[in-house]
Structures are given as C-alpha cells and as structure tokens.
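> Here is my input, please return the structure:
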Amino acid sequence: MENIREFLGTQLRRVFKPMTRALQRLKITPNQVTVAGTVLTVAAAALVATDHLIISGIVFLAAGSCDMLDGALARLSKQVTPFGAFLDSTLDRFSEGVMFAAIAYLLATQARTLDVALVALALVGSVMVSYTRARAESLGLECKVGLMSRPERVILIAIGLFFNVLPYVVYIMLALTAFTVVQRVVHTYGQLREPRKHVAATRREPREQGGIR
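The predicted structure follows:
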C-alpha cells in the first residue's frame, strides 16, 4: 500500500505542479493553503448536515486537494517547517472530526441510531490510526503501514457523498481503521523486537505538510 500511495502521490504532484507554481508566484504560503483546506472541509460538513451531498463531495475533494498542495508548495518554496507540519496534522484531525460529526448528525435526522454510534467508533479508529504512527515515530521508528490512512479515508467519504452510501462507507471505514491500527501495532512491536532497527528518539527532520497519515 505504501508503494501505491507513493506512486499515486508522485503522479498527483505532477498534475498539481502548475497550480503549485501559481500559488508560489502569488506568494501564498503553505500554512494559508492548510487553513483554506480546513475552511473548505467545514463548508463541506455544513453541506452534509443540510443533506446536500453531491455539492459537499465536490467541496470535500477540493479540501483534499489543499492537503496535497500545502506539502508540494512547502517543498517548492523551501518553507518546510516544524510548525507547518504541526499545524497540518492538527487541522487534519479537526477536519476529520467535523466531517464525522456532520455525518453523524445527518444519520441522526434519519433515525439511524446504530449508524450514529458506528460513526463515533469510526472516528475513534481514524484518530487511532494517526496516533499509532505518531507514537511510533516518537520512538524513532517508521510506521507508514496500513490499509486505511488519511488519503483512503478521504476517498471513501467522497464516494459516500457522491453516491449517497454514507452508512456503508462508515461500516467499511470502521472495519479497515481497526485493522490498520492492529497492523501498525504489530509492525511497531516487530521493530522494537529488533534492536538494530530500534533507533532511540533523536532530533528528527520535521514531517512535511501534506504527509500521508
């Protein structure tokens, strides 16, 4: 999965390269793009809550594009900073929470009580996927494995919005986020069992904005 993500990421960066250069010429900073993506996600969540799913899907994909553009712009303009990485990860978690809350609200208005509870569990799974990687990296380890990182979650939610199948997307996401957490726990345990690969946490280069979580 990691190789597939890297390949697709490379292709998408090529597609977005003209836009990235345009943003650089306009002196737009990576942090501004990160914030813009969050604003678009909040707008998409509001559209979900009011049951405008197709328009929401379009806005949500635009927000996802910002999540890739901020990293590409940071690299192009040599503005990769620790705060940029921190802001990006923080707003990603906020954006996911807002979108899941909107989905839960919509399902609640449809009296799908069980599905609302499953949305909450899917959100927990999403947070845990990101947390397990962050915690492993704080130990000086690599932990990018897993089926359901952020790009896959964005794509699944977009599919649910465009085809009005959000409950089924929630079921899939719940199962795959749980599986991904287990994958990352096992992967980290395996690395800690191999002393040669266990590098004590040291000063690390800042994670780039738009990194895959």
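> Now do the buried residues in stretch 21-30.
23-24, 28-30 (16 or more other C-beta atoms under 10 Å). Quick note: C-beta positions are derived from backbone N, CA and C, even for glycine.
> JSON lines please, covering the residues you listed and showing pLDDT.
JSON lines is the format used below for the buried residues of stretch 21-30 (pLDDT from 0 to 100):
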{"residue": "Leu23", "pLDDT": "90"}
{"residue": "Gln24", "pLDDT": "91"}
{"residue": "Ile28", "pLDDT": "94"}
{"residue": "Thr29", "pLDDT": "95"}
{"residue": "Pro30", "pLDDT": "95"}
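> so of these, which ones are in helices?
Residues of those located in helices (DSSP state H): 23-24, 30.
> Nearest residue to the middle of this protein?
Nearest residue to the geometric centre of the chain (C-alpha atoms, centre = their mean): Arg150, 3.0 Å.
> wait, it sits on Lys144?
No: contact criterion C-beta atoms under 8 Å: Arg150 and Lys144 do not qualify, at 11.3 Å.
> What residues does Pro30 make contact with?
Contacts were defined as C-beta atoms under 8 Å, 6 or more residues apart in numbering; by that measure Pro30 touches 70-71, 73-74, 77, 79, 84, 209.
> Skip the chain neighbours and tell me the closest residue to it.
Ala74 (4.0 Å; C-beta to C-beta, 6 or more residues apart in numbering).
> Isn't the one you found up against Pro82?
No: using C-beta under 8 Å, Ala74 is not in contact with Pro82; the gap is 11.6 Å.
> More neighbours: the two, which one.
Per other C-beta atoms under 10 Å, whichever of Ala74 and Pro82 has more neighbours is Ala74, with 25 against 11.
> what's the distance between the more buried one and Arg193?
For Ala74, the distance to Arg193 equals 35 Å [C-beta to C-beta, to the nearest Å].
> for Gly84, same thing?
Per C-beta to C-beta, Gly84 is found 34 Å from Arg193.
> When the two are compared, which one has more neighbours?
Gly84 (23 against 9).
> what is the mean pLDDT for the helix or strand harbouring the more buried one?
Here Gly84, judged by DSSP states H and E, is contained in helix 82-109. Averaged across helix 82-109, pLDDT comes to 96.
> Now that helix: buried residues?
Applying 16+ other C-beta under 10 Å to helix 82-109 flags 84-85, 87-89, 91-93, 95-96, 98-104, 106-107 as buried.
> ok, the buried residues of stretch 21-30 vs Arg184, which is closest?
Arg184 lies nearest to Pro30 out of these, by C-beta to C-beta, at 26.9 Å.
> The closest one and Met19: what is the separation?
In terms of C-beta to C-beta, Pro30 sits 13 Å off from Met19.
> now do Leu106
Distance, Leu106 to Met19, by C-beta to C-beta: 32 Å.
> so what's Leu106 up against?
Per C-beta under 8 Å, 6+ apart, neighbours of Leu106: 48-49, 51, 166.
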